[in-house]
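Asker: How does the following fold in three dimensions:
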Amino acid sequence: MLHYTVTFLVIALIAAVLGFGGIAAGAAGIAKILFFVFLILTIISFLKSKK
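Answerer: From the prediction side, this is the model:
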């Protein structure tokens, strides 16, 4: 899951470089949401594995 988190962060950064216009704005918005979702899931996974 950490791989997906980094992947979506990179997509958001690329969209930011392109100026957040048109399709890039949509991709950046989706990438931001998915970044935080996968980040939260990764943290939960790490916490469960320590128990």
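Asker: need the contact list for residue 31.
Answerer: Residue 31 makes contact with 8-9, 11-12, 15, according to Cβ atoms under 8 Å, 6 or more residues apart in numbering. Glycine gets a C-beta too; all of them are placed from N, C-alpha and C.
Asker: 10 Å instead, please
Answerer: Going by Cβ atoms under 10 Å, 6 or more residues apart in numbering, residue 31 touches 7-16, 24.
Asker: What confidence value was assigned to residue 10?
Answerer: According to the prediction, residue 10 has pLDDT 82.
Asker: I'd like the contacts of residue 31 written out as a markdown table, with secondary structure and neighbour count added.
Answerer: Below are the contacts of residue 31 laid out as a markdown table (DSSP: H, G, I helix; E, B strand; the rest coil; neighbours: other Cβ atoms under 10 Å):
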| residue | secondary structure | neighbour count |
| --- | --- | --- |
| 7 | helix | 14 |
| 8 | helix | 22 |
| 9 | helix | 17 |
| 10 | helix | 12 |
| 11 | helix | 18 |
| 12 | helix | 21 |
| 13 | helix | 12 |
| 14 | helix | 13 |
| 15 | helix | 21 |
| 16 | helix | 14 |
| 24 | helix | 18 |
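Asker: Lowest-scoring secondary structure element of the protein by mean pLDDT?
Answerer: The least trusted helix or strand in the chain, going by mean pLDDT, DSSP states H and E, turns out to be helix 2-17, with a mean of 76.
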